[in-house]
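# Below: sequence and its predicted model.
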Amino acid sequence: FERQDGRLQRQRLLVVANRLPVSAVRKGEDSWNLEVSVGGLVSALLGVNEFEANWIGWAGVNVTDEIGQRSLTEALAEKRCIPVFLDQELVHQYYNGYCNNILWPLFHYLPLPQEDRLATTRSFQSQFAAYKEANQMFADVVNEHYQEGDVVWCHDYHLMFLPKCLKEYNSEMKVGWFLHTPFPSSEIHRTLPSRSELLRAVLAADLVGFHTYDYARHFVSACTRILGLEGTPEGVEDQGQLTRVAAFPIGIDSDRFIRALELPAVKYHIKELQERFAGRKVMLGVDRLDMIKGIPQKILAFEKFLEENPDWRDKVVLLQIAVPTRTDVPEYQKLTCQVHEIVGRINGRFGTLTAVPIHHLDRSLDFPALCALYAVTDVALVTSLRDGMNLVSYEFVACQASKKGVLILSEFAGAAQSLGAGAILVNPWNITELASSIGYALTMSANEREKRHQHNFLHVTTHTSQEWAETFVSELNDTVVEAQLRTRH
Ligand code: ADQ
């Protein structure tokens, strides 16, 4: 973009997400410790030079005093982050309630247990009101910082109301919205009491993006069936006004993983792991501890495999790394107990005095340890019951250039649509099929492994997170220009 003084300027991108990519811990009245977390979105935008990314979101802390809010705002500004201050009660109703108890399970086709559903239904109205209030607060902050020419990119199911709030402030604002989870079949979406309001709010965006073509199709169907609007090959039309809807499959910063394998710390970890598990094949699961990841199904299938294949019992180990999330939610606490119980039972059943078949860790690993684990793995198991994309499958592939291990991948993860030909696709609800896939993967010929790996590696290294972000933003710019041309003619 050319400025009036003739100098070139990068386009400003306002990335709005529920959480900032920085965690803040208060050290004193006006001093803060900030820790940047390099998630998928951060690394996607780090590698993009066309735009200057600025972040707007909640910093994950409850700050109610003026000194605290001012000092945190100043500290975050150095990281190009702008905070939205949400109080504890609002976070409880909006984030824990409406986002994580209603939208998250629903978008992953997981019904709540009946007694929880009744309790949720009773508190539904207040949670939905809090959701709208929180979205309005995000919009207020965006509006305060918006400059003409900026692109506003809203992320995920937490902020479905945001496009509408932003367009009410300024109909000229370029607004895109991207969903990181699946968008479910319209038959699932129509059970939501606030179904129409949410769809209309999202449709206020200029461009609406999903990981896969199927999710985009489900969204368009929901708009045609529930709102009675017209679906077109470009998106959804309402009284001549088009909202463009399309698929933008996310990727990873594959170079970051490939380069990491050359780091001394990673090489050290690799050597340690190889010595530790010498003589055994290594199977790996890396997930957030969430119902959608199908962790119990994965472990039960591994048990069935050991049950049916006694020869393998001392020749294979499953490392399951599960980082706890949403630990204050009872459903997640129940899941943790359930996983611990199954792991304990299987280790008791098939372990010896010197070795156990499953190593389960309830924690996050740092980047060098994670890369080393991916590199020494023979078979990675991704068994999500539903998953928007699943980046673990991509990260594993990026680290497998020398080993060429096998990826067992749920057909219900968005990644199945891109890595389908290279992975072994499974239905994680079918424990018998999953167990036999483990046997197939462990005994696969080197030739077949090589072919499958080449397919996956090519995809992961060419469809990167940088390419994803650039494509979305340039499509958003084009969409707005086309809409302007249409209204002129
Ligand atoms: P998530 O549900 O968080 O993301 P995923 O895509 O697999 O799922 O990303 C998880 C990230 O966390 C990966 O980068 C992984 O390395 C890291 N991670 C997970 N467990 C870890 C552990 N124990 N230790 C260290 N790191 C760990 C949501 C959607 C996905 C979608 C992404 C991006 O649910 O479907 O792919 O957003 O759009």
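Arrived safely.
# When you work out contacts or count neighbours from here on, use the C-alpha atoms and nothing else.
Will do.
# Check which helix or strand the residue nearest in space to the middle of the chain maps to.
For the chain, the residue nearest the mean C-alpha position is residue 180 (5.3 Å; Cα atoms, centre = their mean). Assessed by DSSP states H and E, residue 180 sits outside every helix and strand.
# pretty sure it is touching residue 388, no?
Yes: at 5.7 Å, residue 180 and residue 388 qualify as touching, with contact defined as Cα atoms under 8 Å.
# who touches the residue nearest to the centre of the chain in this structure?
Residue 180 makes contact with 155, 156, 157, 210, 211, 388, 389 under the criterion Cα atoms under 8 Å, 6 or more residues apart in numbering.
# switch the cut-off to 7 Å
156, 210, 211, 388 (Cα atoms under 7 Å, 6 or more residues apart in numbering).
# Buried only: go through those for me.
By neighbour count, with 16 or more other Cα atoms under 10 Å, the contacts of residue 180 hold 156, 210, 211, 388 as buried.
# among those, which are in strands?
residue 210 (DSSP state E).
# In TSV, list the buried ones among the contacts of residue 180 along with distance to the ligand and pLDDT.
Output for these, formatted as TSV (distance: Cα to the nearest ligand atom, whole Å; pLDDT from 0 to 100):
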residue	distance to the ligand	pLDDT
156	9	96
210	9	98
211	8	98
388	3	97
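# Name the nearest of the buried ones among the contacts of residue 180 relative to residue 365.
Nearest to residue 365, judged by Cα to Cα, of these is residue 388 at 22.3 Å.
# now the helix or strand residue 133 falls within, how far from the centre of its chain.
Secondary-structure assignment from DSSP H and E places residue 133 in helix 114-145. Per Cα atoms, centre = their mean, to the nearest Å, the displacement of helix 114-145 from the mean C-alpha position of its chain is 21 Å.
# Stretch 243-253 too?
Its chain's C-alpha centre and that of stretch 243-253 lie 13 Å apart, by Cα atoms, centre = their mean.
# Pull out the buried positions in the helix holding residue 133.
In helix 114-145, counting by 16+ other Cα under 10 Å, buried: 120, 124, 127-128, 130-143.
# elements contacting that helix?
Counting contacts by 3 or more Cα pairs under 7 Å, 6 or more residues apart in numbering; DSSP states H and E, helix 114-145 is packed against helix 162-169.
# Show residues contacting the helix it packs on.
With contact meaning Cα under 7 Å, 6+ apart, helix 162-169 is reached by 135, 136, 139, 173, 175, 201, 202, 204, 205.
# mind running it again at 6 Å?
With Cα atoms under 6 Å, 6 or more residues apart in numbering as the test, helix 162-169 has contacts from 135, 139, 201, 202, 204, 205.
# Would you mind measuring from the closest residue to residue 450 other than its chain neighbours to residue 318?
Using Cα to Cα, 6 or more residues apart in numbering and skipping residues adjacent in sequence, the residue nearest residue 450 is residue 404, 6.0 Å away. Computed as Cα to Cα, to the nearest Å, the residue 404 to residue 318 distance reads 18 Å.
# So between those two, which is more surrounded?
residue 404 (26 against 21; other Cα atoms under 10 Å).
# So that one: helix, strand or coil?
Using DSSP: H, G, I helix; E, B strand; the rest coil, the structure places residue 404 in coil.
# Tell me the confidence at it?
Note for residue 404: predicted pLDDT of 97.
# same check, this time on residue 5
57.
# just residue 103 next, same as before
On the pLDDT scale, residue 103 gets 95.
# what about it, neighbour count?
Neighbour tally, residue 103, other Cα under 10 Å: 17.
# Setting aside sequence neighbours, what's the nearest residue to it?
Closest to residue 103 by Cα to Cα, 6+ apart is residue 157, at 7.1 Å.
# ditto for residue 274
Residue 274 sits nearest to residue 376 (Cα to Cα, 6+ apart), 6.9 Å away.
# can you check residue 30 too?
In space, residue 30 is closest to residue 71, 5.3 Å off (Cα to Cα, 6+ apart).
# To what extent is residue 450 buried, counted in neighbours?
The burial count for residue 450: 17, using other Cα under 10 Å.
# Just confirm it is within a helix.
Yes: Residue 450: assigned to a helix according to three-state DSSP.
# Next one: the residue nearest to residue 450 relative to the ligand, how far apart?
Between residue 404 and the ligand the computed distance is 19 Å (Cα to the nearest ligand atom, to the nearest Å).
# And for residue 120?
For residue 120 relative to the ligand (Cα to the nearest ligand atom), the value is 22 Å.
# contacting residues for residue 424?
Contacts of residue 424 by Cα under 6 Å, 6+ apart are 408, 409.
# so what pLDDT did it get?
Residue 424 is given a pLDDT of 98.
# roughly how far is stretch 417-430 from the heart of the chain?
Distance, centroid of stretch 417-430 to centroid of chain: 18 Å (Cα atoms, centre = their mean).
# Buried residues, it. List them.
417, 418, 419, 420, 422, 423, 424, 425, 426, 427, 428, 429.
# and the ligand, which of the residues you listed contact it?
Among the buried residues of stretch 417-430, not one lies near the ligand by Cα under 6 Å from any ligand atom.
# Write out the residues of this protein neighbouring the ligand.
40, 180-181, 286-288, 321-323, 363-366, 387-392.
# What is the least confident helix or strand in the protein?
Lowest by mean pLDDT, DSSP states H and E among the helices and strands of the chain is helix 40-46, with a mean of 71.
# what's the following helix or strand after that helix?
Moving toward the C-terminus from helix 40-46, the next element (DSSP H and E) is strand 51-58.
# got the contact list for that next one?
Under the contact criterion Cα under 6 Å, 6+ apart, strand 51-58 has outside partners 10-20, 80-84.
# Stretch 315-332 too?
Contacts of stretch 315-332 (Cα under 6 Å, 6+ apart): 280-289, 357-364.
# buried ones in it?
For stretch 315-332, by 16+ other Cα under 10 Å, it's 316, 317, 318, 319, 320, 321, 322, 324, 331, 332.
# For those residues, name the two members farthest from one another.
Largest pairwise distance in those, by Cα to Cα, is 31.2 Å, between 316 and 331.
# Helices of the stretch 351-489 of the chain, residue ranges please.
367-376, 391-398, 416-419, 431-442, 446-462, 465-488 (DSSP state H, counting those that start in this stretch).
# Can you check what angle separates the last one from strand 51-58?
By that I understand helix 465-488. Inter-element angle recorded for helix 465-488 and strand 51-58: 90 degrees (by axes from the mean of the first three to the mean of the last three Cα atoms, to 10 degrees).
# where's helix 465-488 relative to the chain centroid, distance-wise?
Its chain's C-alpha centre and that of helix 465-488 lie 23 Å apart, by Cα atoms, centre = their mean.
# Alpha carbons of it, as CSV, please.
Output in CSV follows, covering the C-alpha atoms of helix 465-488 (Å, rounded to 0.1, in the frame of the first residue of the first chain):
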residue,chain,number,x,y,z
SER,A,465,0.4,-21.8,7.8
GLN,A,466,2.0,-18.8,6.1
GLU,A,467,0.3,-19.7,2.8
TRP,A,468,-3.0,-20.2,4.7
ALA,A,469,-2.9,-16.7,6.3
GLU,A,470,-1.8,-15.0,3.0
THR,A,471,-4.5,-16.7,1.0
PHE,A,472,-7.3,-15.8,3.5
VAL,A,473,-6.3,-12.2,3.8
SER,A,474,-5.8,-11.7,0.0
GLU,A,475,-9.1,-13.4,-0.6
LEU,A,476,-10.7,-11.0,1.9
ASN,A,477,-9.2,-8.0,0.2
ASP,A,478,-10.4,-9.3,-3.2
THR,A,479,-13.9,-10.0,-1.9
VAL,A,480,-14.3,-6.5,-0.7
VAL,A,481,-13.1,-5.0,-4.0
GLU,A,482,-15.5,-7.2,-6.0
ALA,A,483,-18.4,-6.3,-3.7
GLN,A,484,-17.6,-2.6,-4.3
LEU,A,485,-17.5,-3.1,-8.1
ARG,A,486,-20.8,-5.0,-8.0
THR,A,487,-22.6,-2.2,-6.1
ARG,A,488,-21.2,0.4,-8.6
